[in-house]
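>>> Structure for the following, please:
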Amino acid sequence: MKRYRLLPLTLALALLLTACGPNRLPADQNGSDSAPGSAGSASEPPPTPVDTPFALAAYPAYRFHPVLTENRANLTLAPLLYEPLFHVDGSFQAVPALCQSYTVSEDKLTWTFTLQNNVSFSDGAPLTGPAVADALNTARAPGARYAQRLASVASITGAEQTVTVVLNQPHGDLPLLLDIPIALGAQDRPAGTGPYILTETEGILFLSARPDWWQSKRLPAQKIPLTAAAKSDDLISAFAAGNIGLVDVDLMGTNALGYSGSYESWDYATTDLLYLGFNARKGPCRNAETRKALASGVDRTAITQIDYASHATAASLPCHPKSPLYHETLAAGLGYEPERLADALTEQRLTGRKLVLLVNSENSSKLAAARRIAYQLEAAGLEVQLNHLDFEHYQTALAAGDFDLYLGETVLTADFDLTALLSPTGTLNYGGWLSEEIPGLLDAMRQSGPAERPAAAQALYALLLEEVPIVPVCFKNGSVLTQWGRLSGLNPVRNNVFYQLEHWTIS
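Alright, predicted model coming up:
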């Protein structure tokens, strides 16, 4: 986790909402395109009024269901109300929550999860296998947010205190995909098993601590007011005035909102990968040695520190450096070496060759990164035509293969499965790269259990260093903004900014 102090200036950032109002959430899937922001330096803030209660934002007109809601601000609240079978921590490891234990069949197709004892929903109903199965089936329904993540699931059933998940292809670490919040039913405000319950008094919404919460951990507040918002301007003014104590943001996001005030930022790791892709079907990038040479022209340090304002983590491999799958020795083989690039271009007689680089123009940080890459390639002796297109035309050009290189972005699952990017039939394999070895290596990594996965990942990454079908650049960070000095002890993680809430202190 990184911690920043920001100047009391208007910042360009995305509060999980568009500039026009509540944002409709995309499905949880591989494939995304996002954008810019800026950050300042330290400044002495004004003191926070002691009589200001710690409050969070909510959109009462929208659902609070953790799977069915279409509003990101309401989804941010979900971990306070609902719990998953497993959390995924900051090192991308599965940590049991509602699951007490599990067994898996030898072929890794059938998983049986035993639930924690004496857990109840906030309406008093017991946590049971059928209730959890119903919630997960809602999450994987066609068009639902988690449908693609759970695409390999054949069936989910429950009986008493167990849930059985049957897969149509083996998976060795399924718990990494099950950080899905469990709600009782499909109502707009369903009951959950979390530490708080959503209450309403005279039209005012609150989060009230549950005295019967099964974990019995310390909570930083017994009651948290929810500041109602109807449009984005409400959030901007409420946060600036200190009437909202915390927002979960993408500082590098598209359609960024402007916020002012004195606050701190707590960064957390995500699986949002920025990468450089190649056209492996035609042109000079058909050659693996050419792709390897071009990879040495990517200055990850400058991109993460300047273009992404240090709200990203450089990565030479397609998994986050905080993951145990990351192999430092292999990663060192794909570093920034401009001299190597220039020498390789001369050897391969590519000096002066024209390359077309595609980038989505709607993302200013990504556009800045593409310009930096183009500059480095041109400095080494290439001619680069940078085509910055709106997202629709960018997608069209990718599908048509009208490029030599493209700067892409995708949100991976927590197991860092690369099938969509690298498989011959992968939906994101725009460059058409083919390898006889890759299907087996992808399957081996997906089927490996936690103890075997680092070795399987190493074998996969070794091939990628030789063939270089893509060049990982960085993983974007998420950020939690808090009023200056109001909160301490935060340890936000992907999909749960309230992770380990028992360590929080509200001043």
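
>>> low-confidence ranges in the stretch 1-150 of the chain?
The stretch 1-150 of the chain contains residues with pLDDT under 70 at 1-52.

>>> mind redoing it with 90?
For the stretch 1-150 of the chain, residues meeting the criterion pLDDT under 90 lie at 1-53, 70-72, 143-145.

>>> cool, and the stretch 351-500 of the chain?
483-485.

>>> Now do the helices in it.
Here the stretch 351-500 of the chain has its helices, by DSSP state H, counting those that start in this stretch, at 364-379, 391-400, 419-422, 438-447, 453-467.

>>> Of the ones you listed, which stretch is the most buried?
Most buried of the helices of the stretch 351-500 of the chain by mean neighbour count (mean count of other Cβ atoms under 10 Å) is helix 419-422; its value is a mean of 22. Where you see a C-beta, it was placed from the backbone N, CA and C, and this is true even at glycine.

>>> what's the domain layout of the protein?
Here the domain parsing of the chain from automatic domain parsing is 70-198, 271-476.

>>> Pro225: which of these is closest?
Ranking these by proximity to Pro225 (Cβ to Cβ) places domain 70-198 first, at 12.0 Å.

>>> Make JSON lines from the domains of the chain and add distance to Ala57 to it.
Converted to JSON lines, the domains of the chain look like this (distance: least, Cβ to Cβ, whole Å):
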{"stretch": "domain 70-198", "distance to Ala57": "5"}
{"stretch": "domain 271-476", "distance to Ala57": "21"}
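
>>> Of all those, which one comes closest to Thr505?
So among the domains of the chain, domain 70-198 is nearest, using Cβ to Cβ, at 15.9 Å.

>>> Report the buried residues of stretch 221-233.
Ala221, Ile224, Pro225, Leu226, Thr227, Ala229, Ser232 (16 or more other Cβ atoms under 10 Å).

>>> One more: stretch 137-152?
Buried residues in stretch 137-152, counted by 16+ other Cβ under 10 Å: Asn137, Thr138, Ala139, Arg140, Ala144, Arg145, Tyr146, Ala147, Gln148, Arg149, Leu150, Ser152.

>>> from those residues, which is closest to Asn287?
Gln148 (33.0 Å).

>>> quick one, phi/psi of the closest residue to Thr346 other than its chain neighbours?
In space, and not counting its chain neighbours, Thr346 is closest to Gly381: 7.4 Å by Cβ to Cβ, 6 or more residues apart in numbering. The phi and psi values for Gly381, taken as degrees, to the nearest 10, are phi 120, psi 0.

>>> which ones are touching Gly381?
Ala342, Leu345, Thr346, Leu350, Thr351, Gly352 (Cβ atoms under 8 Å, 6 or more residues apart in numbering).

>>> quick one: which of those has the most company?
Leu345 (22 neighbours; other Cβ atoms under 10 Å).

>>> any idea how far Pro469 lies from Ser316?
14 Å (Cβ to Cβ, to the nearest Å).

>>> Let me fix that, I meant to ask about Pro84.
Distance, Pro84 to Ser316, by Cβ to Cβ: 31 Å.

>>> I'd like the buried residues of stretch 137-152 as a markdown table, with secondary structure and distance to Ala191 appended.
Shown next, in a markdown table, are the buried residues of stretch 137-152 (DSSP: H, G, I helix; E, B strand; the rest coil; distance: Cβ to Cβ, whole Å):
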| residue | secondary structure | distance to Ala191 |
| --- | --- | --- |
| Asn137 | helix | 17 |
| Thr138 | helix | 14 |
| Ala139 | helix | 16 |
| Arg140 | coil | 21 |
| Ala144 | coil | 20 |
| Arg145 | coil | 20 |
| Tyr146 | coil | 20 |
| Ala147 | coil | 24 |
| Gln148 | coil | 27 |
| Arg149 | coil | 24 |
| Leu150 | coil | 23 |
| Ser152 | coil | 29 |
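
>>> what's the spacing between the nearest residue to Pro324 once chain neighbours are set aside and Gly172?
What sits nearest to Pro324 in space, not counting adjacent residues and going by Cβ to Cβ, 6+ apart, is Pro454, at 5.7 Å. Using Cβ to Cβ, Pro454 is found at 12 Å from Gly172.

>>> Leu481 and Pro79, how far apart?
Counting by Cβ to Cβ, the gap from Leu481 to Pro79 is 17 Å.

>>> So Ala302, which state does it fall into?
Classification of Ala302 using DSSP: H, G, I helix; E, B strand; the rest coil returns helix.

>>> Quick one: residues contacting it.
Arg372.

>>> For it, give its distance to Leu330.
Taken as Cβ to Cβ, the span from Ala302 to Leu330 is 22 Å.

>>> Same question for Lys476.
Lys476 is 22 Å from Leu330, by Cβ to Cβ.

>>> One more: Pro450?
Going from Pro450 to Leu330 by Cβ to Cβ gives 20 Å.

>>> Out of the buried residues of stretch 137-152, the closest to Gly440 would be?
So of these, ranked by how close each gets to Gly440 (Cβ to Cβ), first place is Ser152, at 17.2 Å.

>>> my guess is that closest one meets Leu174, correct?
No - contact criterion Cβ atoms under 8 Å: Ser152 and Leu174 do not qualify, at 9.2 Å.

>>> list residues touching both of those two?
With Cβ under 8 Å, 6+ apart, Ser152 and Leu174 have common neighbours Leu167.

>>> Where is the longest strand in this protein?
Counting residues, the longest strand found in the chain (DSSP state E) is strand 263-278.

>>> and the angle from that strand to helix 391-400?
30 degrees (axes from the mean of the first three to the mean of the last three Cα atoms, to 10 degrees).

>>> what about stretch 213-231, how long is it end to end?
Terminal residues of stretch 213-231 lie 33 Å apart, using Cα to Cα, to the nearest Å.

>>> and what of stretch 211-224?
15 Å.

>>> quick one, which of Pro84 and Ser316 is more surrounded?
Pro84 (27 against 24).

>>> contacting residues around that one?
Ala97, Leu98, Leu178, Asp179, Ile180, Pro181, Ile182.

>>> redo that, cut-off 10 Å
Contacts here follow Cβ atoms under 10 Å, 6 or more residues apart in numbering; on that basis Pro84 touches 66, 78, 94-99, 132, 135-136, 175, 178-182, 193, 495-496.
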